[in-house]
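Student: what follows is a predicted protein model with its sequence.
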Amino acid sequence: MGNDFESLRLQVFLARCGIGSRRKCEEYISEGRVAVNGKSVLVPGSKVGPRDKVTFDGRAIRPEKEFEYIALHKPSGFICSNQDRDGRPLAKDLLADATHKRLYNVGRLDYMTSGLLFFTNDGEFSKLMTHPSSHVEKEYMVTTKKEIPKELMEQFKKGISVQGEYFRLKRYAFKGSRSVSITLEEGKNKELRKVFLSRNITIKSIHRIRIGNVKLTGLASGHFRKLTRKEVEQLKAQALENKKNSAKNRNRR
């Protein structure tokens with residue numbers, strides 16, 4: 001991609017520079033952290049071209065020439081953020097030796113949830129992996145302090161409303177009376193915790209073991225590896241196929 005590109009919307013340009021997902025870049029613009037040709041821009045959507053000078057937090061940025069994709073086994077007790085007022089450890093700091101490029105997490109796992117988490121500098125990939133219409137599967141192992149009712153899992157599969165939020169799993173498989181594998185496609189903020197808490201079931205642990213075709217197998221806690229080109233291509237292809245099927249289903253209604 002390099003420096004040769006046609007005019008792009010500012011948030012798309014920022015994403016291609018590895019600053020964050022499009023949605024996150026829109027937030028950065030609204031916060032006044034982005035300037036074009038020396039002038040602060042507060043509204044996403046304005047166009048920038050190859051001759052424009054764009055800065056983020058005062059630093060000149062250009063589209064990334066090379067994208068990186070990393071799988072991290074996030075331990076519990078790490079936060080998915082660039083900074084934390086309470087001084088809690090950051091998941092991104094576990095990648096300090098991975099690359100000199102600025103990487104950001106694709107989606108997130110909450111503070112106490114462990115498991116598979118992607119990092120990249122490819123904003124288009126991040127958007128594709130996290131957009132609800134992509135239906136990217138995410139599989140979790142949930143362990144609880146008391147028995148999990150099958151009736152709850154069946155209700156969760158049909159669709160369950162908790163305090164005005166609607167949640168629905170794609171599939172589940174019991175691994176014991178207090179342990180269940182749950183596959184989600186969207187995965188809303190603290191979805192699993194909210195569903196189990198609605199039945200007064202305390203969660204001992206949530207561990208993400210798979211995203212799409214990529215499994216956590218063989219990756220020790222706190223360690224990371226680069227995704228292979230084949231893995232990235234398969235993730236993208238499946239997400240694009242899912243988006244296409246979603247659009248077809250909407251048109252049939």
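Tutor: On my side now, so go ahead.
Student: all helices for this protein, in order.
Tutor: Along the chain, counting by DSSP state H, helices occupy 10-16, 22-30, 123-130, 150-158, 191-197, 229-252.
Student: quick check: phi and psi on Gly218?
Tutor: Comment: the main-chain dihedrals of Gly218 come out as phi 90, psi 0, following degrees, to the nearest 10.
Student: can you pull the contacts of it?
Tutor: Residues touching Gly218, when contacts are defined by C-beta atoms under 8 Å, 6 or more residues apart in numbering, are absent altogether. Bear in mind the C-beta positions are built from the backbone N, C-alpha and C, glycine included.
Student: where's it relative to Arg225, distance?
Tutor: Distance of Gly218 to Arg225, computed by C-beta to C-beta, to the nearest Å: 9 Å.
Student: break the protein down into its structural domains.
Tutor: Under automatic domain parsing, the residue ranges defining each domain of the chain are 8-60, 69-132+219-235, 137-211.
Student: how near is Ser126 to Glu165?
Tutor: 24 Å.
Student: the helices of the chain: which one's closest to Val54?
Tutor: helix 10-16 (6.4 Å; C-beta to C-beta).
Student: contacts for that closest one, please.
Tutor: Among residues not part of helix 10-16, those counted as contacts by C-beta under 8 Å, 6+ apart are 1, 5, 8, 20-22, 25-26, 28-29, 34, 36, 41, 44-48, 54, 56, 61, 63-64, 123-124, 126-127.
Student: rerun that using 6 Å as the cut-off
Tutor: Arg22, Cys25, Glu26, Pro44, Ser46, Val48, Pro63, Gly123 (C-beta atoms under 6 Å, 6 or more residues apart in numbering).
Student: neighbour count winner among Ser126 and Glu165?
Tutor: Neighbours were tallied for Ser126 and for Glu165 using other C-beta atoms under 10 Å; the higher tally belongs to Ser126 (25 against 13).
Student: count of residues packed around the closest residue to the more buried one other than its chain neighbours?
Tutor: Of all residues beyond its chain neighbours, the one nearest Ser126 is Ser21 (4.2 Å), with distances taken as C-beta to C-beta, 6 or more residues apart in numbering. Neighbour count of Ser21, defined by other C-beta under 10 Å: 26.
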